[in-house]
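> all I have is the shape, not the residue letters:
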Ligand SMILES: N[C@@H](CCC(=O)N[C@@H](CS)C(=O)NCC(=O)O)C(=O)O
């Protein structure tokens, strides 16, 4: 692992690091905020998965998470959204290829070689984080925005027991029924739609839900509402009797201004759930 930068803020440290990933076969960059408490003991970890076109940097610099993470004594990791580099397949469209990994393991050419973002998050980056930093593997939670909200919800429901809580800002909530999903799943996973359902938050919610609290915020003036399909997830949460809160926020769009407005609530929500979850030890 290489340290690219470490900068003091809110009494903690905002680091940027890179490391070789066996999952993607590339060098990957991530941001990690460690609160002051990490100097003397292991702290809980919140994952923040970003959306289309983002690198590790967007949420790290624009979401405003660190002030509240420092207050609650929790770390926040900001992973990249895809493998990158000259030897990595790409597409001219902003919603496919580099910056648009969709948190799946691609099985189709030309993507299968490097686009393994599920394994990257679930396994590779997990080991780098818990082996390299003062983080409590038994206290993890996950959030994300848009494509990253899709990633957070599908990883949380796909890896039962791992995350104490899950939240999302304007998630791509029902990708198997949206052009933000069908296009990418066809490219990465192939035309057989049976391989897609493990990556659709609405279908996962209908099938088994999440064993813990869920918080979803959606802007009412989001320019991508038709692609995000929040109503499908909200209906599935009610049908499942899922513990959780779905909030429509009138007037808010899809931007980081929306995220920055509500991030305080999400950090407090996850801090509470991770404190309740026991911690120290058996993270899976
Ligand atoms: N560039 C796209 C929109 C991409 C977009 O809105 N990306 C969101 C995530 S889905 C984002 O976080 N962008 C980066 C940023 O705002 O910093 C378009 O023009 O339609």
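All right, it came through fine. As the structure is a prediction and not an experimental result, all values here were calculated from the model. Residues are numbered from 1 along each chain as shown.

> next, the contact list for residue 94, please.
Contacts of residue 94 were listed using C-beta atoms under 8 Å, 6 or more residues apart in numbering, and they are 52-53, 100. Bear in mind the C-beta positions are built from the backbone N, C-alpha and C, glycine included.

> tell me the secondary structure at it.
The three-state assignment at residue 94 reads coil, by DSSP: H, G, I helix; E, B strand; the rest coil.

> measure it to residue 82 for me?
Taking C-beta to C-beta, to the nearest Å as the measure, residue 94 falls 12 Å from residue 82.

> next one: residue 35
Taking C-beta to C-beta, one finds residue 35 at 28 Å from residue 82.

> kindly report the same for residue 249.
Going from residue 249 to residue 82 by C-beta to C-beta gives 28 Å.

> circling back to that earlier point, please pick the buried ones from the contacts of residue 94.
Burial by neighbour count, judged by 16 or more other C-beta atoms under 10 Å, picks out 52, 100 from these.

> give me the common contacts of residue 94 and residue 82.
residue 100.

> leaving out the residues flanking it, which one is nearest to residue 136?
residue 42 (4.1 Å; C-beta to C-beta, 6 or more residues apart in numbering).

> any idea of the pLDDT on that neighbour?
We have a pLDDT of 98 for residue 42.

> pretty sure it contacts residue 134?
Yes - with contact defined as C-beta atoms under 8 Å, residue 42 counts as touching residue 134 (5.0 Å).

> looking at these two, which one has more neighbours?
Taking neighbours as other C-beta atoms under 10 Å, residue 42 and residue 134 compare with residue 42 leading, 18 against 15.

> between residue 249 and residue 82, who's got more neighbours?
Neighbours per residue (other C-beta under 10 Å) separate residue 249 from residue 82, with residue 82 holding more: 28 against 17.

> A strand includes that one, no?
No - read with three-state DSSP, residue 82 is coil and lies in no strand.

> right, and it touches residue 99 too?
Yes - Residue 82 is within contact range of residue 99, at 5.6 Å (criterion: C-beta under 8 Å).

> for the two, list the residues in contact with both.
Common neighbours of residue 82 and residue 99 (C-beta under 8 Å, 6+ apart) do not exist.

> relative to residue 190, how far out is the closest residue to residue 212 other than its chain neighbours?
Spatial nearest neighbour of residue 212, chain neighbours left out: residue 165 (5.2 Å); criterion: C-beta to C-beta, 6+ apart. For residue 165, the distance to residue 190 equals 33 Å [C-beta to C-beta].
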